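Participant: Prediction below, plus the sequence it came from.
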2 protein chains.
Amino acid sequence: MGSVDPEFTSPICEFKPLDPEEFRKQAHQMVDFIADYYKNIEEYPVLSQVQPGYLRTHQPEAPPYHPESLETILEDVREDIIPGMTHWLSPKFFAFFPATVSSAAFLGEMLCTSFNAVGFNWLASPAATELEMVVMDWMANMLNLPKTFMFSGTGGGVLQGTTSEAILCTLIAARERALEIIGIHNIGKLVVYGSDQTHSTYAKACKLAGIFPCNIRAIPTTKDTNFTLSPVLLRKVIEADVAAGLVPLYLCATLGTTSTTAVDPLAQLASVTNDHGVWLHVDAAYGGSACICPEFRHYLDGIERADSLSLSPHKWLLSYLDCCCLWVKNPALLVKALSTNPEYLRNKQSESDSVVDFKDWQVGTGRRFKALRLWLVLRSYGVANLQSHIRSDIRMATMFERFLKANPRFEIVVPRLFSLVCFRLKPVNGCDPSYTDLLNRKLLDRVNSTGQIYMTHTIAGGVYMLRFAVGATLTEDRHVIAAWKLIKESADALLKGNYA
Amino acid sequence: MGSVDPEFTSPICEFKPLDPEEFRKQAHQMVDFIADYYKNIEEYPVLSQVQPGYLRTHQPEAPPYHPESLETILEDVREDIIPGMTHWLSPKFFAFFPATVSSAAFLGEMLCTSFNAVGFNWLASPAATELEMVVMDWMANMLNLPKTFMFSGTGGGVLQGTTSEAILCTLIAARERALEIIGIHNIGKLVVYGSDQTHSTYAKACKLAGIFPCNIRAIPTTKDTNFTLSPVLLRKVIEADVAAGLVPLYLCATLGTTSTTAVDPLAQLASVTNDHGVWLHVDAAYGGSACICPEFRHYLDGIERADSLSLSPHKWLLSYLDCCCLWVKNPALLVKALSTNPEYLRNKQSESDSVVDFKDWQVGTGRRFKALRLWLVLRSYGVANLQSHIRSDIRMATMFERFLKANPRFEIVVPRLFSLVCFRLKPVNGCDPSYTDLLNRKLLDRVNSTGQIYMTHTIAGGVYMLRFAVGATLTEDRHVIAAWKLIKESADALLKGNYA
């Protein structure tokens, strides 16, 4: 060993940011803090009642120079942060889609964090890559996907953050395949398709990918067909584009749209896309999870003819944000479009082609040991409990639906498929439709301002409607019943005099 | 209240995935598991010694139907997962750049996970948005950034996952600004610039954004200038592009390149980009963190003339993956390029323009309460400790550098700036350069195969060199000393007979 200068061997700094015993003590403290938060979560207003600037304008300009204690910080979480939260995990949260969670997923996330493995390629964390392959095949198995989407078959899957990334990556794979044939100078000819109900992130992803905005088709849907994308209309639009010298590229179909959970008819759409060599992606972010139950699996019929499928367990499979499964039929296309090969990441295993390097399946390079969370969920609960969780949410939504049906003031606007109920106060005879919208807006404001529940709204087919999404992890029948009572009484108060 | 069917009021399912007391019990168990892992981490081989398929080929095809106990799962973590880990947090990890962590960041991550707030807009989680604004200004303050990058000034910042996303978002903002002037059909005229040392993710982001591959310039660097990007060369290349009728768009300069931590001369580069209306982004993923110490702040000189800056605290500021700060001078350009406005997310606050909706600053829609982690780090440690942490890593790298300098067999290939030392076995007199490369490759293999330390390599200017990156959170002087001993002895064994 070389000569060691004593100046260097005596540490001059006693700062130890990861002392295992200090870690243990503080993490235990935090566990209790969080468990208490969950225990008391019902007591907080679900929709935060603070005003813009409530926190920001009261903070110092700079971080502290000296350390502060965990106790002080937790006190500030109680005083400053929690009142500014919209409590997504509250059992009274019925807005957007629920973001569901579980103890198992929390433990998986703790493990993932603790390892801090940066699994860009196999060698950088073999377990991270291999477990992700296992979990993606397990998920595919639960959904009864064809072997063409599995590693044990000819395809494969990868965990993305959100649907946006899943769409962006597959869109780029499709784009590169097309540009190889028509040349990059023809990028302006590529056309992408969706419906007017496709998630807003789709158009954004297309724009990011350099698709010309004039070539992003949002095909109109109607209430008659429950806001699903019409294969007949799609074919017409594609044919018109071909006739105009354009190149149809990619269709994003949806299994459970954000506004009303419409399910696009995959099999029929696949007939159209397959005829025209269009990449078919299925965004099943929310609705896909239901397909782990045999009675809902039929919504995925036709998936064998799609090119890719994404589904976000952070929505309905208890796994905390963010966690989006993406399966592709032809991983080579993804890798071709997204691979990088800098010298400093080269290694024998990657070059032997015997392993998967997930950096080539995603936007960025670094990635966490994401599979642990889903692995913990699948093993801790088993398929049986996950199915019963889906069924329980749907049962509660059905209960809410029956309350509505039994009340003459309300109507269900779109037939319920999963655990979202879209409804409104019925139009008052002889009144302008805008009056109905106004009443429903008022009802929503009134209900949300109580802090007792949080619902959101949408507009589809020109109709303003309220969305009641059941399924926050802690929601029980009593919360749905109380929510209905609040909605009904608010409507009574609002309409006093209108209905005699 | 409406009539409640008793069928609906008695729950039929007893599955409770988030029972607070069960959560408490299991999370405490996991804390102890993790604390023990940290305590014993030195005992594991730092680079996993498993073979491809070690895990995947031994797993069942489908997830279990019935639940399994946490004890069983943790046993599998011990038996199957940990042996397949490359332990990034091991004090013997000197590969790539360290991914640093801390108890405070772990606690922040636990809190973030526990709330599971989906803060796409202000209303969906006011505290999440406001705290992120506070933390981004605090970070800017620590770096002594000009007010033009702060919310308290005229700019602002946002937390991205990784540098890849930070680059993609700003590139899209720059692209949209340019296309508005020249028209989207001229997308093929846009040219982007970097050096041959710029991170590989940059070219990938450019490709994603539809920049023509022929328009991605990787300007050569040389050893004479320590692999920094030459402003003179940049100007020449830009002028040639302009003369050819092309439109210079974006430069990604680097403060601390991945191969050798080269620092591009920001001020001089800014003179060139400002002359040509080119968006200047500074990727300070690793090196930027050092600039919280006054003695290193000069590396950021000229930043006031850049358009955006990214820095990843998950590299050197103790915050676990993934956490990348992005500051922009003109947030309106980002929002213009990335905003969406679907009906179901509309709300009064967003429409009043009194709030920031971070979904319009990033690729996707959903986002976690990311600021908590950095907030916990900054408050728990204070600027003082963070500075001393940076200095301590650099001190240890300096120690390693001195060991090398005192040994005639080794040479330092590139002057050390931060905590990375790039070195090699010196060329043997009269031998072919490829022989030197071979010896160094052999040395790396030999050292890594012991499992005692993990180093990686790079090639710059045609020279194969070893990278010794000091700074894993648990690394102490004794680990650096032991690493040097191992490297030296391995070299002795390898060269026995070559040097007499």
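Facilitator: Yes, it's here.
Participant: For whichever helix or strand residue A:490 is part of, buried residues please.
Facilitator: Counting by DSSP states H and E, the element that carries residue A:490 is helix A:477-495. Using 16 or more other C-beta atoms under 10 Å in any protein chain shown as the test for burial, helix A:477-495 gives A:477, A:479-484, A:486-488, A:490-491, A:494. For the C-beta atoms, the positions are set from N, CA and C on the backbone; glycine is no exception.
Participant: other SSEs contacting it?
Facilitator: helix A:371-405, helix A:433-449, helix B:6-9 (3 or more C-beta pairs under 8 Å, 6 or more residues apart in numbering or on different chains; DSSP states H and E).
Participant: Chain neighbours aside, what residue packs nearest to the closest residue to chain B within the stretch 151-300 of chain A?
Facilitator: Across the stretch 151-300 of chain A, no residue is closer to chain B than residue A:210, which sits at 2.0 Å (C-beta to the nearest C-beta). Nearest residue to residue A:210 in three dimensions, chain neighbours excluded: residue B:210, at 2.0 Å (C-beta to C-beta, 6 or more residues apart in numbering or on different chains).
Participant: So that neighbour versus residue B:40, what's the distance?
Facilitator: Using C-beta to C-beta, to the nearest Å, residue B:210 is found at 49 Å from residue B:40.
Participant: Neighbour count for those two, which is higher?
Facilitator: residue B:210 (25 against 11; other C-beta atoms under 10 Å in any protein chain shown).
Participant: That one belongs to a helix?
Facilitator: No: counting by DSSP: H, G, I helix; E, B strand; the rest coil, residue B:210 falls outside a helix, being coil.
Participant: quick one, helices of the stretch 101-250 of chain A?
Facilitator: Taking DSSP state H, counting those that start in this stretch as the criterion, the stretch 101-250 of chain A contains helices spanning A:103-115, A:126-142, A:163-182, A:200-208, A:231-243.
Participant: got a markdown table for these, with mean neighbour count, distance to residue A:305 and mean pLDDT too?
Facilitator: As requested, the helices of the stretch 101-250 of chain A are exported to a markdown table (neighbours: other C-beta atoms under 10 Å in any protein chain shown; distance: least, C-beta to C-beta, whole Å; pLDDT from 0 to 100):
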| stretch | mean neighbour count | distance to residue A:305 | mean pLDDT |
| --- | --- | --- | --- |
| helix A:103-115 | 26 | 32 | 98 |
| helix A:126-142 | 25 | 16 | 98 |
| helix A:163-182 | 23 | 15 | 97 |
| helix A:200-208 | 24 | 20 | 96 |
| helix A:231-243 | 16 | 12 | 98 |
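Participant: Output those in CSV, with distance to chain B appended to each entry.
Facilitator: Shown next, in CSV, are these (distance: least, C-beta to the nearest C-beta, whole Å):
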stretch, distance to chain B
helix A:103-115, 4
helix A:126-142, 3
helix A:163-182, 3
helix A:200-208, 4
helix A:231-243, 17
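Participant: Which among those is found nearest to residue A:429?
Facilitator: Of all those, it is helix A:231-243 that lies closest to residue A:429, at 34.3 Å by C-beta to C-beta.
Participant: And the closest one, what does it pack against?
Facilitator: By 3+ C-beta pairs under 8 Å, 6+ apart, helix A:231-243 packs against strand A:190-195, strand A:216-219, strand A:247-254, helix A:266-276.
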